[in-house]
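S.K.: structure for the following, please:
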Amino acid sequence: MQFRLAQPSEPSRRDSALTPMIDVVFQLLAFFILTFRFVVPEGDFDIAMPAAAASPSPVPPLVEPLHVHLAADTTGALADIRVNGRSLGPNVDALHRQVAQVAGIEGPANLRAEVEVKLDCDPQLHYEHTLAALAAISAYIDRAGNQATLIHRVQFARYRRV
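M.R.: Okay, the predicted model is just below:
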């Protein structure tokens with residue numbers, strides 16, 4: 001008895017369908033590109049850091065900038081807040097009231113867009129005190145209970161060695 005080996009009538013060949021797979025990949029790529037949404041970074045403060053070389057301003061400001069100095073004690077705690085040389089003590093609320101008075105948040109003499117604050121912090125001051133002062137300078141609660149921007153332009157003074 002003889003066994004015959006069965007020979008296939010068609011060669012066994014696997015065709016890969018690359019063209020439809022490439023089409024699907026490009027459709028997915030186009031879909032994700034068109035539906036991508038950019039995320040606004042959180043905590044985006046409108047702060048101008050000092051440049052390497054200070055350039056002279058061509059237009060003089062309408063209101064003199066407020067110079068706020070945050071003094072630290074030896075442990076890094078807030079010791080004193082001085083606004084244009086006047087001491088307010090270590091009270092951040094007093095700083096907020098002073099800046100709100102200068103900016104004139106109520107009434108027709110609203111100078112919030114024109115007032116500029118230059119914040120000068122001692123190098124050993126703890127970061128939490130700097131953020132508390134920055135919050136007191138830049139925001140307030142309006143009559144409706146909503147948070148609003150008090151001062152738009154806040155600059156940090158250049159680092160100075162002690």
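
S.K.: residue contacts, the closest residue to L78 other than its chain neighbours?
M.R.: The shortest distance from L78 to any non-neighbouring residue, by C-beta to C-beta, 6 or more residues apart in numbering, is to H129 (4.2 Å). In this view, the C-beta of every residue, glycine as well, is placed from N, C-alpha and C. Going by C-beta atoms under 8 Å, 6 or more residues apart in numbering, H129 touches 70, 72, 77-78, 92, 121.

S.K.: so where does H129 fall, helix or strand?
M.R.: Taking DSSP states H and E as the criterion, H129 maps to helix 127-138.

S.K.: which element follows that helix toward the C-terminus?
M.R.: Downstream of helix 127-138, the next assigned helix or strand under DSSP H and E is strand 139-141.

S.K.: for the helix holding H129, list the C-alpha coordinates in PDB.
M.R.: The C-alpha coordinates for helix 127-138 follow below in PDB (Å, rounded to 0.1, in the frame of the first residue of the first chain):
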ATOM      1  CA  TYR A 127       8.600  80.200  50.900                       C
ATOM      2  CA  GLU A 128       5.200  80.000  52.600                       C
ATOM      3  CA  HIS A 129       5.500  83.700  53.800                       C
ATOM      4  CA  THR A 130       6.400  84.800  50.300                       C
ATOM      5  CA  LEU A 131       3.300  83.000  48.900                       C
ATOM      6  CA  ALA A 132       1.100  84.500  51.600                       C
ATOM      7  CA  ALA A 133       2.300  88.000  50.700                       C
ATOM      8  CA  LEU A 134       1.900  87.300  47.000                       C
ATOM      9  CA  ALA A 135      -1.700  86.200  47.600                       C
ATOM     10  CA  ALA A 136      -2.400  89.300  49.700                       C
ATOM     11  CA  ILE A 137      -1.000  91.500  46.900                       C
ATOM     12  CA  SER A 138      -2.600  89.900  43.900                       C
END
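
S.K.: list the buried ones in that helix?
M.R.: Of all the residues in helix 127-138, those buried under the rule 16 or more other C-beta atoms under 10 Å are 129-130, 132-134, 136-138.

S.K.: so where is this protein shaky, pLDDT-wise?
M.R.: 1-15, 40-63, 103-114, 142, 148, 159-162 (pLDDT under 70).

S.K.: do a quick rundown of the strands in it.
M.R.: Remark: strands assigned in the chain by DSSP state E are 47-48, 66-72, 78-83, 86-89, 116-121, 139-141, 147-149, 153-156.
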